[in-house]
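Enquirer: got a sequence here, can you model it:
(one chain, ligands or ions: 1)
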Amino acid sequence: DHGTPARQSTETVSLTIDGYPVAVPRGTSLMRAAVEAGIQVPKLCATDSLEPFGSCRLCLVEIEGRRGYPASCTTPAEPGMVVRTQTPKLQQLRQGVMELYISDHPLDCLTCAANGDCELQDMAGVTGLRAVRYGVAGEEVGGVCGAHHTKAKKDESNPYFTYDPGKCIVCNRCVRACEETQGTFALTISGRGFDSRVSAGQDQPFMDSECVSCGACVQACPTATLQEKTVIQIGQAEHSVITTCAYCGVGCGFKAE
Ligand code: FES
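Expert: Numbering: from 1, shown residues only. So this is what the prediction gives:
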């Protein structure tokens, strides 16, 4: 995973990342340039197929001669830059960010469907997070989804996937996947503060929104917020079919031999 999409340019820029010289097409992000140098910068909201958004703040770097800690996913490489991705200060900042995420996230990893395939879990390990100073998400309260702040309920209306707002980290990946790969604009971010979450249409159930069940959002989700329903949940299939997309709302209907 290169973190951000490739840029096509005949012009090349040369820079140094963590002491390694690297040359990349103009317009390439520092995050992608770092990967070219063999360095993976921690990240949650960036992927190599979506335009960078810069929301998670895990990918902060230091650039010699510049103040602050810019996000490497949204900062383009420039000629002569001297970039550092792994200083003690950056490690401290990333741990602070992860603490905030974990303090607002259910700690049900052992029973979570994404256990072992969760980028939030991965980043807790990558950043070396050991403890959370702010307390952690509390108990589930009377059927309200999410063990913490959002009051939005779990949505199981879609036959192919579930949506659990309590696990949403508001990385915007599903929203961008819906827009950029499907061109559907079915999803948006709603709410403020602890109540921020993804919602379909006007905070509707997915099946009442313009969602076409393409599954791009499920593929893009780094946690179990958007989670494929298992065969156990939906029961045995009545027919066997071969399709290129498990979520296809159109249905090509190829029959298995
Ligand atoms: Fe850069 Fe999230 S990966 S801000």
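Enquirer: CA only for contacts and neighbour counts going forward, please
Expert: Fine.
Enquirer: please name the residues that touch the closest residue to the ligand within the stretch 101-250 of the chain.
Expert: Residue of the stretch 101-250 of the chain nearest the ligand, by C-alpha to the nearest ligand atom: Cys171 (7.4 Å). By C-alpha atoms under 8 Å, 6 or more residues apart in numbering, the contact set of Cys171 is 44-45, 55-56.
Enquirer: now those residues as CSV including distance to Arg32 and secondary structure?
Expert: Listed next are the contacts of Cys171 as CSV, based on distance: C-alpha to C-alpha, whole Å; DSSP: H, G, I helix; E, B strand; the rest coil:
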residue, distance to Arg32, secondary structure
Leu44, 14, coil
Cys45, 14, coil
Ser55, 17, coil
Cys56, 16, coil
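Enquirer: ranking those by neighbours, who comes first?
Expert: Cys45 (28 neighbours; other C-alpha atoms under 10 Å).
Enquirer: quick check: buried residues in the helix or strand encompassing Leu93?
Expert: Element membership of Leu93, judged by DSSP states H and E, is helix 88-103. By 16 or more other C-alpha atoms under 10 Å, the buried positions in helix 88-103 come out as 90-91, 93-103.
Enquirer: equivalent analysis for stretch 33-47, please.
Expert: For stretch 33-47, the neighbour count (16+ other C-alpha under 10 Å) marks 33-37, 39-47 as buried.
Enquirer: check the residues you listed and tell me the two furthest apart.
Expert: Ala37 and Cys45 (20.9 Å; C-alpha to C-alpha).
Enquirer: state the mean pLDDT of stretch 125-135.
Expert: Averaged across stretch 125-135, pLDDT comes to 84.
Enquirer: give me the buried positions along that stretch.
Expert: So stretch 125-135, judged by 16+ other C-alpha under 10 Å, has buried residues 126-127, 129.
Enquirer: anything in it near the ligand?
Expert: No: using C-alpha under 6 Å from any ligand atom, stretch 125-135 never reaches the ligand; the gap is at least 13.5 Å.
Enquirer: show me where this structure has its strands.
Expert: 12-17, 20-25, 62-63, 82-84, 161-163, 187-190, 197-200, 226-228, 241-242, 254-255 (DSSP state E).
Enquirer: redo the ones you listed as JSON lines? Include mean neighbour count, mean pLDDT and distance to Leu110.
Expert: Below are the strands of the chain laid out as JSON lines (neighbours: other C-alpha atoms under 10 Å; pLDDT from 0 to 100; distance: least, C-alpha to C-alpha, whole Å):
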{"stretch": "strand 12-17", "mean neighbour count": "19", "mean pLDDT": "98", "distance to Leu110": "37"}
{"stretch": "strand 20-25", "mean neighbour count": "18", "mean pLDDT": "97", "distance to Leu110": "39"}
{"stretch": "strand 62-63", "mean neighbour count": "20", "mean pLDDT": "98", "distance to Leu110": "36"}
{"stretch": "strand 82-84", "mean neighbour count": "19", "mean pLDDT": "98", "distance to Leu110": "35"}
{"stretch": "strand 161-163", "mean neighbour count": "21", "mean pLDDT": "94", "distance to Leu110": "18"}
{"stretch": "strand 187-190", "mean neighbour count": "19", "mean pLDDT": "92", "distance to Leu110": "28"}
{"stretch": "strand 197-200", "mean neighbour count": "23", "mean pLDDT": "89", "distance to Leu110": "23"}
{"stretch": "strand 226-228", "mean neighbour count": "22", "mean pLDDT": "92", "distance to Leu110": "16"}
{"stretch": "strand 241-242", "mean neighbour count": "14", "mean pLDDT": "58", "distance to Leu110": "33"}
{"stretch": "strand 254-255", "mean neighbour count": "10", "mean pLDDT": "49", "distance to Leu110": "37"}
